[in-house]
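Student: fold the stuff below for me.
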Amino acid sequence: MTFAWGDLTVDVLAPTVALVTTTFDFSGTDSAGEVYGVAGTWTGVSVLLDGEWKIVNVAETFPPAETSPETT
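Tutor: I've put the predicted structure just below:
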């Protein structure tokens, strides 16, 4: 199993709010020997609460499945 983060981007929206975005790539082999993988983008909203940064919202997005001209 492998997991890799891409370049990290931090956008400061206010002194107590930041938006963190990165890409990820995950792959592995299941118990039947089938190789699987997924890649996408991870976004998190962090807020400074009581002197500590807390992640208050997370979203992952994935590219659409590939389709061939024969099936569309």
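Student: where does this protein dip in pLDDT?
Tutor: Segments of the chain classed as low confidence (criterion: pLDDT under 70) are 67-72.
Student: most centrally placed residue in it?
Tutor: residue 42 (2.1 Å; C-alpha atoms, centre = their mean).
Student: so that residue lies in a helix, does it not?
Tutor: No: the assignment for residue 42 by DSSP: H, G, I helix; E, B strand; the rest coil gives strand, which leaves it out of any helix.
Student: just grab the bridge partners of it for me.
Tutor: Per DSSP bridges, the residues bridged to residue 42 are residue 22, residue 60.
Student: quick check: it touching residue 21?
Tutor: Yes: Residue 42 is in contact with residue 21 according to C-beta atoms under 8 Å; the separation is 7.1 Å. For every residue, glycine as well, the C-beta is placed using N, CA and C.
Student: list residues touching both of those two?
Tutor: Both residue 42 and residue 21 lack any common contact, where contact means C-beta atoms under 8 Å, 6 or more residues apart in numbering.
Student: distance check, residue 23 against residue 46.
Tutor: From residue 23 across to residue 46, the span is 18 Å (C-beta to C-beta, to the nearest Å).
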